[in-house]
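Engineer: 3D, please:
(chains A and B)
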Amino acid sequence: MSSTAETINIQPATAIDSSWSLWLRQIAAIMRLDVKRNFLGKRAVLIYLMALMPIGLLSLMAILPVGHAWADFAEYPLRFSLIYNALILRTVVFFGCAWIFMNLFRGELVDRSLHYYFLSAVRREVLLAGKYLSGLVTSIILFTAVTVVSMLLLFMPHFFSASVRFFLDGAGMGQMLTYIVITVLACVGYGAFFMVVGLFFRNPIIPALVLYGWEWINFLLPPLLKKISVIHYLNSLVPVPLSEGPFAVVASPTPAWISIPGLVIVTVLVLIVAGRRIRRMEIRYGGD
Amino acid sequence: MSESSAQTIVFDNVSKFYGEILGVNRVNLTIPLGITSLVGPNGAGKTTLMNLMTGLLRPSRGEVRVLGVPTDQPEELFRKVGYCSQFDSFPAGMTGREFINAFLMVSGFPRKQIGDLSEGALQRVDLLPAADRKIGAYSKGMRQRIRLAQSIAHQPSVLILDEPLNGLDPMVRAETIALFRQLAADGLHLIISSHILHEVDMMSDRVVLLNNGYVVAEGAVHGVRDEMDVEHPMQILIRCDQPSLLAARMFQKNEVVEARVHDDRHGLFVKTRNPDRFYLLLNEVVATGEIEVESVAPVDDDLSAVYEYLIGAD
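Structural biologist: I've put the predicted structure just below:
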C-alpha cells in the first residue's frame, strides 16, 4: 500500500462554484447514477413487466381478428380512453410510479447504500431533487412510450389508413399529446407522493394501496372529496371523457388552467415535506 | 467560533437514544489533531459516536461540531470529513473506479479533477490494478480498501474509520497502519474505532474508552494509565539476579504496595502507586552494587491493561 502518493492540490468545490451551478452539477450526477439504476437495476424488471402489460394485450388484439363490436373506427377514441384510464393510468402508471419512486430511497436503504449519498458533500435537499428528477425521467420515458405505443397498437393494425388520417389530419395527434401530458402529470403527482411515502414508511405498500383504493372510489365521492385526489384532476384533462357509471356522483371537471398548476403546486408542497423529512433522516439499516 | 474549536471535534453533552435503548449518554469530548482511537466492547457506543460525528445519526440531546461545522450541514461537513463506515455494501454493478468517481461527482467536483483524485486514492490503498474490476468480485480486504479509498478521495482533513482493519490480512494490516500514520503526519485528524488493542496502542496518540454508552476515560494512553495509579498501582518487572533481596530493599523504602518474585527466580514484579519515586529508589539500590539489574519494564502501562482495569477483560 502506498503511503507516499503525492497529494493532489484541490480547490474545495464550494470555493470555485456558485451554489446554483454546484447544485445543478450535483443533481445531474445523482440523476446519472439513479436513472441508470432505474433502467438497468434488478428492480427494473417489474417495471418492464408492468409496461409490457398493455402493450402485450394490445399486440394480442392486433393479431387476432376483430369482432363486430370492434368494427366501428369511430368508437376507437372512446375505447382507447377506457384502456388508458383503467389499464395504463390507474394500473401501469400508478403502480409503476409507486415502484420507481418508493425505491428511490427505500431501495437504497434495503441495499444499504444510501449512506454513500449522505456522506457526500451535497445538501440533502439537492439529493432529494436529484433522486426525484431521476424517477421522473425514468417514469416519463417509460410510461409515455407505453401510452404512445398502446395508442398506435390499438388504432393502426385494423384501420391503418383511417388511423393515419386520424393522427395526421384529425384529432388523433392532439389526443395523443393530451394523453402524454396526462401521463407526465401523473408521474409528477404520483411520483412526489410515493417518494414521500418511501421516506416516511418502512412498509410503503400499505399507504400505496390506500391511495389506490381512494383513487378508484373517486367517482363515488362527493365533489369536495373528489378534489382531494390526483385522478380527479387527470380525468378532467382526458380528451375523450368516460361515463363513470350510474352510481357516480357527478362533479364538474376542473378546468386545465386550474388542474395543471394545482397539481404542480400540490407536488411542490409534497416535495417540501419530503425535504424536511430527509434533512432529519438518519441511517439505521438495522431498523430497516 | 474560536480558533481551537475550528480545529477540533467537539461533543457538547451529547446523548443518543434509540427509542428507549441508550446509544451514548452525556458525552463531553474534545478531540484534537492526531490519531484518536475509540475503544470499547461491542455495544459500547463507538459506531454511534462515529455516526453522530458524520450526521448519519442526530443527537437526541446536545450538539456535535467537527472543525466548527455542525453535523447537519453535509454540504460543508463532507468537504472536510471522510467516513469509512463498517457497512460492507456498495451500489450494484460498479467497478472500484466508477464507485469513487460517482461520489466525487455527487460531491460536485469538476470532471477534470475527478480522474486525478480517484487515481490518487486508488494508488494510496494499492488498488490501482483492480480499479476497473466490479466491486462484486472483490475480496473482503479489497472491499475494505475501496471504501477507504472512497473516504479519502476528496482529501478530507478529518478521516473517520470504523473498524478499518477488519478483514485485512496481517501484511495489508501493517501497511494500512503505516498509511494511517502517513495520513496523520500529513496533518489529518484520524478517528479510528477498533477492538484490536495492541494495534490501537501502536498507532494512537489518544484513546477514548467507552463502555455501555459512557466515556469512561480519554486522553493519551499513558496519561490515562497514570490517573489510575491509586486504584490500580503500576506493575513493573525488574529482571535481576537477586529478586528477593531487591524486594526487601524496596519494602524498606515503603514505595511498593506488592512484590512477587518471577517464576523463573530471575525477576521481580512490583506494584507501586508512584512509579517516578520508585524508579529513583531503584537507581539508588542499583548504585550500591548489591544487585545486578538486567532490565526494567512496566507490565501494565499499555492500552490492554487500561482496558482491562476500566472495562474488564470481556
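
Engineer: all the helices of the stretch 101-250 of chain A, in order from the start?
Structural biologist: Applying DSSP state H, counting those that start in this stretch to the stretch 101-250 of chain A gives helices spanning A:114-118, A:124-155, A:160-168, A:172-200, A:205-216, A:223-226, A:230-237.

Engineer: kindly reformat those as JSON lines containing distance to chain B and mean pLDDT.
Structural biologist: All C-beta spots, glycine's among them, are computed from the backbone N, C-alpha and C. Formatted as JSON lines, these follow (distance: least, C-beta to the nearest C-beta, whole Å; pLDDT from 0 to 100):
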{"stretch": "helix A:114-118", "distance to chain B": "6", "mean pLDDT": "96"}
{"stretch": "helix A:124-155", "distance to chain B": "7", "mean pLDDT": "96"}
{"stretch": "helix A:160-168", "distance to chain B": "40", "mean pLDDT": "93"}
{"stretch": "helix A:172-200", "distance to chain B": "15", "mean pLDDT": "95"}
{"stretch": "helix A:205-216", "distance to chain B": "22", "mean pLDDT": "91"}
{"stretch": "helix A:223-226", "distance to chain B": "37", "mean pLDDT": "82"}
{"stretch": "helix A:230-237", "distance to chain B": "31", "mean pLDDT": "87"}
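
Engineer: show me which residues of the stretch 151-300 of chain B sit near chain A.
Structural biologist: For the stretch 151-300 of chain B, the contact set with chain A under C-beta under 8 Å from any C-beta of the partner chain comprises B:151, B:154-155, B:172, B:175-176, B:178-179, B:181-183, B:186.

Engineer: mind redoing it with 6 Å?
Structural biologist: Neighbours of chain A within the stretch 151-300 of chain B, by C-beta under 6 Å from any C-beta of the partner chain: B:155, B:175, B:178-179, B:182.

Engineer: before we move on, the earlier item: possible to save the helices of the stretch 101-250 of chain A as JSON lines with distance to A:Ile278 and mean neighbour count?
Structural biologist: Shown next, in JSON lines, are these (distance: least, C-beta to C-beta, whole Å; neighbours: other C-beta atoms under 10 Å in any protein chain shown):
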{"stretch": "helix A:114-118", "distance to A:Ile278": "9", "mean neighbour count": "22"}
{"stretch": "helix A:124-155", "distance to A:Ile278": "5", "mean neighbour count": "21"}
{"stretch": "helix A:160-168", "distance to A:Ile278": "43", "mean neighbour count": "14"}
{"stretch": "helix A:172-200", "distance to A:Ile278": "6", "mean neighbour count": "21"}
{"stretch": "helix A:205-216", "distance to A:Ile278": "18", "mean neighbour count": "15"}
{"stretch": "helix A:223-226", "distance to A:Ile278": "30", "mean neighbour count": "14"}
{"stretch": "helix A:230-237", "distance to A:Ile278": "22", "mean neighbour count": "22"}
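
Engineer: out of those, which is closest to B:Val10?
Structural biologist: For those, proximity to B:Val10 was assessed by C-beta to C-beta; helix A:114-118 is nearest, at 21.2 Å.

Engineer: other residues contacting the closest one?
Structural biologist: Under the contact criterion C-beta atoms under 6 Å, 6 or more residues apart in numbering or on different chains, helix A:114-118 has outside partners A:108, A:127, A:283, B:103.

Engineer: if we go to 8 Å?
Structural biologist: Contact partners of helix A:114-118, identified using C-beta atoms under 8 Å, 6 or more residues apart in numbering or on different chains, comprise A:30, A:105, A:108, A:124, A:127, A:281, A:283, B:55-56, B:74, B:85, B:87, B:90-91, B:103, B:106, B:150.
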